[in-house]
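Engineer: Have a look; sequence and predicted model below, questions after that.
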There are 2 protein chains.
Amino acid sequence: MCKIIPGKKNLGAYTFLLPTPIVLCGTYDKDRRPNIATLAWAGLCCSEPPSVQISVRRERYTHTAILAKKEFTVNVPPASLAKEIDFCGMASGRDVDKFERARLTPKRGELVDAPIVDEFPLCLECRLRHRVELGSHDMFIGEIVASWFSEDCLDENGQPDPLKISPLSFTPLKTASSYYKLGESAGRAFDIGKSLLAK
Amino acid sequence: MCKIIPGKKNLGAYTFLLPTPIVLCGTYDKDRRPNIATLAWAGLCCSEPPSVQISVRRERYTHTAILAKKEFTVNVPPASLAKEIDFCGMASGRDVDKFERARLTPKRGELVDAPIVDEFPLCLECRLRHRVELGSHDMFIGEIVASWFSEDCLDENGQPDPLKISPLSFTPLKTASSYYKLGESAGRAFDIGKSLLAK
């Protein structure tokens, strides 16, 4: 069977979604060495309790650390550190101290025993609540218990400014995956669609 | 306890992560009416099998439809339709035909019994594999069985062009949530960090 939808092409069973966030998961290993791993299979998943999911290949060093500690951090890097973030997705904490090599600074979280990245504009402290075995990846669902924002990324009302945070999107292309910056505003949510609601 | 991290502020247990994708979940209801719901708690979560998670409040009409059918679509809208997308996050398919009101066109998927949105650049067909009850939201994990791309969003090699797809990010601010466009490239993944790897 091969259905035709005019103007569209089916590229098959493909893990492609936009935007896909770039985050770094922070953990301490059994020797209390801080480690960070770049991940793209991640996203918010619940409002009450506030929760985030990250999915990690079973063979990664971070997988072992999350299961051992049941606590981890999810850190949003700024676009200015794209080179360091790319490195942290290729090297393993088994072999190298990624914080040192990337010249990043670990600081222990307030409520969980896992490191946040001092140079990053947004760092979430998480407690493991669910593990879902999916196949190549295990999903870890963490309850967010603290959210550290860099003060220079807050506006005059103390609210986060997305463009100052300057996050990266990942584009999971088969041939040439890339990072993309955040662009301009496209309007207020729960607001610009009201004209259609009122019809 | 209130730990001080110089230069940082803890905004507490806050569901804020960037970028957070905007997607629309497509379903047929019990009367076979097509419906779409705007969601932001979503993301890729496994490579083999290719999987995506969407999290939906229990009271939403889409929640009932996913559980009944075990099939759904995940559709990535273009930034040009921000008004329509915003509307589809505020209205309910119980009360209104959102496709008609937003002037969007449902087309049945090839492999699953759920509608894709013809005007959108990227539409994933999904089969429900896991449900995780999290609290306010249930997470639905779908295996991606087909990925429909608009032909005008593919490059000369037949690969997706992120800037032509033109997705939206959601910024879940407490006071003023907004949509943001995708910005410029920040470099090739698995490439720009190689200089640190080789040290």
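Structural biologist: Sure thing, it's come through.

Engineer: Run through the strands of chain A in chain order.
Structural biologist: Ranges of strands in chain A, per DSSP state E, are A:8-10, A:20-21, A:23-28, A:34-39, A:42-46, A:51-57, A:71-76, A:106-108, A:115-117, A:122-133, A:137-150, A:168-171, A:178-188.

Engineer: what is the mean pLDDT for the shortest one?
Structural biologist: When you say that, I think you mean strand A:20-21. Across strand A:20-21, the average pLDDT comes to 98.

Engineer: Let me know the distance separating the residue positioned nearest the centre of chain A from residue B:124.
Structural biologist: Central residue of chain A (C-alpha atoms, centre = their mean): residue A:23, 2.6 Å from the mean position. Distance of residue A:23 to residue B:124, computed by C-beta to C-beta, to the nearest Å: 21 Å. Yep, even glycine has a C-beta here, placed from its N, CA and C like the rest.

Engineer: ok, now residue A:34?
Structural biologist: Taking C-beta to C-beta, one finds residue A:34 at 36 Å from residue B:124.

Engineer: the more surrounded of these two?
Structural biologist: Using other C-beta atoms under 10 Å in any protein chain shown as the criterion, residue A:34 and residue B:124 rank with residue B:124 on top: 29 against 24.

Engineer: Make sure that one is actually in contact with residue A:15.
Structural biologist: No: contact criterion C-beta atoms under 8 Å: residue B:124 and residue A:15 do not qualify, at 9.4 Å.

Engineer: what touches both of those two?
Structural biologist: Taking C-beta atoms under 8 Å, 6 or more residues apart in numbering or on different chains as the contact rule, residue B:124 and residue A:15 both touch B:52, B:144.

Engineer: Next, the buried residues of stretch A:6-14.
Structural biologist: Within stretch A:6-14, the residues scored as buried using 16 or more other C-beta atoms under 10 Å in any protein chain shown are A:8, A:9, A:10, A:11, A:13, A:14.

Engineer: what do you get for stretch A:41-55?
Structural biologist: A:41-47, A:49-55.

Engineer: Please list which of those residues also come close to chain B.
Structural biologist: A:41-47, A:49-53, A:55 (C-beta under 8 Å from any C-beta of the partner chain).

Engineer: now, which of those residues sits nearest chain B?
Structural biologist: residue A:43 (2.8 Å; C-beta to the nearest C-beta).

Engineer: ok, that closest one to residue B:39 distance?
Structural biologist: In terms of C-beta to C-beta, residue A:43 sits 10 Å off from residue B:39.

Engineer: So what sits opposite residue A:170 in the bridge?
Structural biologist: Counting by DSSP bridges, residue A:170 is bridged to residue A:20, residue A:179.

Engineer: Tell me which residues touch it, please.
Structural biologist: A:19, A:20, A:21, A:22, A:40, A:177, A:178, A:179, A:180, B:189.

Engineer: Could you double-check that the first one lies in contact with residue B:19?
Structural biologist: Going back to what we said before, that points to residue A:19. Yes: contact criterion C-beta under 8 Å: residue A:19 and residue B:19 qualify, at 4.1 Å.

Engineer: shared neighbours, these two?
Structural biologist: Taking C-beta under 8 Å, 6+ apart as the contact rule, residue A:19 and residue B:19 both touch A:169, B:169.

Engineer: What's the end-to-end length of stretch A:167-174?
Structural biologist: Start to finish, the residues bounding stretch A:167-174 are 22 Å apart (C-alpha to C-alpha, to the nearest Å).

Engineer: Which positions within it qualify as buried?
Structural biologist: Per 16+ other C-beta under 10 Å, stretch A:167-174 contains these buried residues: A:167, A:168, A:169, A:170, A:171, A:172, A:173.

Engineer: what's the closest of those to residue B:27?
Structural biologist: Comparing the buried residues of stretch A:167-174 against residue B:27 with C-beta to C-beta places residue A:172 closest, at 25.3 Å.

Engineer: Does stretch A:94-106 reach chain B?
Structural biologist: Yes: Stretch A:94-106 lies within reach of chain B by C-beta under 8 Å from any C-beta, at A:101, A:102.

Engineer: Pull the distance from stretch A:24-43 to the chain's centre.
Structural biologist: 11 Å (C-alpha atoms, centre = their mean, to the nearest Å).

Engineer: now do the same end-to-end measure for that stretch.
Structural biologist: End-to-end distance (C-alpha to C-alpha), stretch A:24-43: 12 Å.
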